[in-house]
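Student: Got a predicted structure plus its sequence, pasted below:
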Amino acid sequence: MIQLLPDHIANQIAAGEVVQRPASALKELLENAVDAGATAIAIVLADAGRTLLQVVDNGCGMNGADARMAFERHATSKIRRLDDLNAITTFGFRGEALASIAAVADVTVKTRRREDELGVQLIISASEVTAQEPAACSAGTSIAVRNLFFNVPARRKFLKSDSVELKNLVTEMQRVALCHPEVSFTMQHNGANLYSLPAANLRQRIVALMGKDINQRLITVQVDTSVVRIKGFIGKPEGAKRTASEQFFFVNNRFFKSAYFQKAIFNAYQQLLPEKAFPAFFIYFELPPDRIDVNIHPAKIEVKFAEEQIIFQMLHAAVREALGKFAIAPSIDFDTEGAPAIPAVSKNTPATLPFTRLDPSFNPFDEETVPGRTPGRSPSTPLKGWEKLYAGLSHSKQFDALPEEKIPEQLSAGNFAAGRSICLLKGKYILTPVKSGCLIIDCRRAQQRILYERFLQNLTHPLQETQQEIFPQTVTLSPVDYALLESVLDDLTQTGYDIRPFGNNTVVVNGQPASFPAMDAPQLLEELLHTLHENAADLKTQRREKLALSLAKAAAGTSGEPPNMLEAQALVDNLFACKEPALSPEGKPTLQIIAMEEIDKRFLK
Ligand code: ADP
Ligand code: MG
């Protein structure tokens, strides 16, 4: 028996494709507002969009009949014939977004066309229109989505922590806001103002979204050919982040993802970037709509280009040229209207020494990566040495005095009879003979384990001495990062950090724990927040563990130079003084043993 699915079920199924999380609903609502010609858009959120997700625009509005139609599946004002599909310039065109959202939430729409005196209010719940009445409202449209996924428990459970979902919401907003600097945006969450972006030019918009610091890091990219026009900005190599949070591609003012084009940019930077660094880019392609296909992905996030390879080459060349120009003549930028690049500092704040993240030891002609070079190391941060890292730890437990229960199965104290001759491999691994073969320790992971146990200790038994900075650094964060950091500030103080809110999403790093090597403040916070975000879901239940993990990863990630022999020795000693020497705080092995038999086997031939 074949039956047609009732509409509300079909809508719910479609919703699964279009609306995966609050952020995808926000994307659709924002795109509709932009399509409606809005010049001002307000976003109001509660509980990361779970309880409320509202978009208010001052666009063209709808009459009562259209407002009702808009929630039918395949209802769109943007496409009439198949031919239209090839000439799409608006964001939406499938006509399924509103129907999908209304299938899985309680939706209230208020809308009025400028030419009408009275607007209309519609209430829809799980695809069912429950009320429609005239309403006095301002010109434009307001769509409030409440209790998203109230009737799809599986989807609701699938949602991440508020902090992750909020981050996704911010990302969606950024993608739209970066296409429309001429439109003003505001974003509120649980009553707090997260963003308020006035109408601006593109550069000002990028700065308003990403923070003032980015202004000096932007290099203009521009190329005009018969195939494509490419414009936008790339970031200077030394400002590269450790996540892709500042990487954006747009085509005809639509955000898209492309690992392929990303590669074109990476290749252009070639050796200019440290390992695992992500340069910023805001790249806008413009080309005739019939040369791309945006219809291949349900969320319209992938785009197919007819001249993909040619555009790859052009992008690559454009980025290289821009980098080259910058290298010869660092641009002086006067386009800072309304967005001072220098953070406003009060009179009593001590001056901060200017610092640069260029690495003078870096030789671009050196084919091999410099041994042990850690990403983004700033040589201007005084290296206080690995010794300091381990100074506080007990040195009494030597190899030959290892307590049995702390040693992984394959190892036993007796194994170390061969003595303590150790060998450093490329600053990354420590090799030492053991009875059963060769023991290899991963320096970075070992370091994380040691730091993790120490931070954890500090969180449980506070009283850490703080080393005050001579030149405190201010760091401006995104509102989301700022909120997350604020929630752990007290704990950080316990571990010896002196970090204080400075207003306007800015913090001052006044001091760091005396017993650890001091880190470059912006980098410390970036690494710390990165791991905190990844672990935000567990922050409530395993607060100390997750914070210690984040700190350990941040500290291990920035401690610069590879160890020398003495430090390597201390590292090994301290690793085996840990409670769990064999595992990194994330549960990855810190050490491996290559068995004698395995080595013997290699010499059989
Ligand atoms: P699509 O955007 O693909 O057409 P949607 O389901 O997102 O499909 O929207 C359906 C229709 O509702 C749109 O084509 C548009 O005519 C109307 N609409 C939606 N949002 C707005 C808005 N904010 N202002 C004016 N009209 C809107
Ligand atoms: Mg739409």
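Tutor: The structure has been received and is ready for your questions. Residues are numbered from 1 along each chain as shown. Ligands and ions are numbered 1, 2, ... in the order given.
Student: Please enumerate the helices of the stretch 51-200 of the chain.
Tutor: Here the stretch 51-200 of the chain has its helices, by DSSP state H, counting those that start in this stretch, at 64-69, 97-103, 153-158, 162-177.
Student: Now do stretch 246-264: distance from first to last residue.
Tutor: For stretch 246-264, the separation between the terminal residues is 16 Å (C-alpha to C-alpha, to the nearest Å).
Student: That one: which residues count as buried?
Tutor: Going by neighbour count (16 or more other C-beta atoms under 10 Å), the buried part of stretch 246-264 is 246-252, 254-256, 258, 261-262, 264. Quick note: C-beta positions are derived from backbone N, CA and C, even for glycine.
Student: Return the closest of the residues you listed with respect to ligand 1.
Tutor: Among the buried residues of stretch 246-264, Arg254 lies closest to ligand 1 (C-beta to the nearest ligand atom), at 12.8 Å.
Student: Pick out the residue closest to the middle of the chain.
Tutor: Nearest to the mean C-alpha position of the chain, by C-alpha atoms, centre = their mean, lies Ser245 at 4.0 Å.
Student: Tell me which residue in the stretch 451-600 of the chain sits closest to ligand 2.
Tutor: Here the residue of the stretch 451-600 of the chain nearest ligand 2 is Val480; by C-beta to the ion that distance is 25.6 Å.
Student: What's the biggest strand in this structure, counting residues?
Tutor: As assigned by DSSP state E, the longest strand anywhere in the chain is strand 466-476.
Student: for the helices of the stretch 51-200 of the chain, which one ends up most surrounded?
Tutor: Highest mean neighbour count among the helices of the stretch 51-200 of the chain (mean count of other C-beta atoms under 10 Å): helix 97-103, with a mean of 26.
Student: one step back: helix or strand for the residue of the stretch 451-600 of the chain closest to ligand 2, which one?
Tutor: If you go by DSSP states H and E, Val480 is part of helix 479-494.
Student: Mind giving me the packing neighbours of that helix?
Tutor: For helix 479-494, the packing partners by 3 or more C-beta pairs under 8 Å, 6 or more residues apart in numbering; DSSP states H and E come out as helix 162-177, strand 192-197, helix 443-460, strand 498-501, helix 521-534, helix 543-558.
Student: average pLDDT across the longest one?
Tutor: Confidence over helix 443-460, taken as the mean pLDDT, stands at 86.
Student: Could you list the buried residues of it?
Tutor: Buried residues in helix 443-460, defined by neighbour count with 16+ other C-beta under 10 Å: 443-456, 458-459.
Student: and stretch 51-65, how far from the chain's centre?
Tutor: With C-alpha atoms, centre = their mean, to the nearest Å as the basis, stretch 51-65 stands 30 Å off its chain's centre.
Student: Which positions within that stretch qualify as buried?
Tutor: Those would be 52-62, 64, for stretch 51-65 by 16+ other C-beta under 10 Å.
Student: Over to stretch 208-217?
Tutor: Buried-residue list, stretch 208-217, by 16+ other C-beta under 10 Å: 208-212, 214-217.
Student: Quick one: the residues you listed as CSV, columns for distance to Arg543 too.
Tutor: As requested, the buried residues of stretch 208-217 are exported to CSV (distance: C-beta to C-beta, whole Å):
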residue, distance to Arg543
Ala208, 33
Leu209, 30
Met210, 29
Gly211, 27
Lys212, 32
Ile214, 32
Asn215, 36
Gln216, 36
Arg217, 34
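Student: So which of those residues are in helices?
Tutor: 208-210 (DSSP state H).
Student: ok, so of those, who is nearest Lys27?
Tutor: Ranked by distance to Lys27 (C-beta to C-beta), these are led by Leu209 at 16.0 Å.
Student: Can you report how many residues neighbour Phe278?
Tutor: Neighbour count of Phe278, defined by other C-beta atoms under 10 Å: 18.
Student: The residue nearest to the centre of the chain and ligand 2: what is the separation?
Tutor: Distance, Ser245 to ligand 2, using C-beta to the ion, to the nearest Å: 26 Å.
Student: Then Ala208?
Tutor: To ligand 2, Ala208 is 25 Å away according to C-beta to the ion.
Student: Now that residue: closest residue in space, sequence neighbours ignored.
Tutor: The shortest distance from Ala208 to any residue other than its chain neighbours is 4.9 Å, reached at Leu197 (C-beta to C-beta, 6 or more residues apart in numbering).
Student: For the stretch 501-605 of the chain, which residue gets nearest to ligand 1?
Tutor: Closest point on the stretch 501-605 of the chain to ligand 1, by C-beta to the nearest ligand atom, is Asn505, at 29.5 Å.
Student: so who does that residue touch?
Tutor: Residues in contact with Asn505 (C-beta atoms under 8 Å, 6 or more residues apart in numbering) are 211, 476-479, 481-482.
Student: looking at those, which has the most residues close by?
Tutor: In terms of neighbours by other C-beta under 10 Å, the contacts of Asn505 top out with Asp481 at 25 neighbours.
Student: The nearest residue to that residue once chain neighbours are set aside: what's it in contact with?
Tutor: Nearest residue to Asp481, sequence neighbours excluded (C-beta to C-beta, 6+ apart): Leu529, at 4.9 Å. Applying C-beta under 8 Å, 6+ apart, one finds that Leu529 lies in contact with 477, 481, 484-485.
Student: out of these, who's nearest Asp520?
Tutor: Checking those one by one against Asp520 (C-beta to C-beta), the nearest turns out to be Leu477, at 15.1 Å.
Student: Identify, by residue count, the longest helix of this structure.
Tutor: Secondary structure of the chain per DSSP H: the longest helix is helix 308-328.
Student: That helix - contacts with which helices or strands?
Tutor: Packed next to helix 308-328, using 3+ C-beta pairs under 8 Å, 6+ apart, are strand 218-224, strand 229-235, helix 259-269, strand 281-286.
Student: 6 Å instead?
Tutor: Contact analysis of helix 308-328 by 3 or more C-beta pairs under 6 Å, 6 or more residues apart in numbering; DSSP states H and E lists strand 218-224, strand 229-235, helix 259-269 as its packing neighbours.
Student: Remind me which helix or strand Ile594 belongs to.
Tutor: Per DSSP H and E, Ile594 falls inside strand 591-595.
Student: Give me the distance from the helix or strand just after that strand to the chain's centre.
Tutor: Next helix or strand after strand 591-595 toward the C-terminus (DSSP H and E): helix 596-602. Using C-alpha atoms, centre = their mean, the mean C-alpha position of helix 596-602 is found 44 Å from that of the whole chain.
Student: model confidence over helix 596-602, on average?
Tutor: In this model, helix 596-602 has a mean pLDDT of 88.
Student: For that helix, give me every contacting residue.
Tutor: Gly437 (C-beta atoms under 6 Å, 6 or more residues apart in numbering).
Student: ok, now stretch 116-131?
Tutor: Residues contacting stretch 116-131 (C-beta under 6 Å, 6+ apart): 8, 11, 64, 67, 71, 102-103, 106-112, 132-135, 137, 151.
Student: repeat for stretch 308-324
Tutor: Taking C-beta under 6 Å, 6+ apart as the rule, stretch 308-324 contacts 219, 221, 223, 227-228, 230, 234, 261, 264-265, 267-268, 305.
Student: By neighbours, which of these wins?
Tutor: Neighbour counts for the contacts of stretch 308-324 (other C-beta under 10 Å) peak at Ile234, which has 25 neighbours.
Student: Before I go, just wanted to say thanks for your time.
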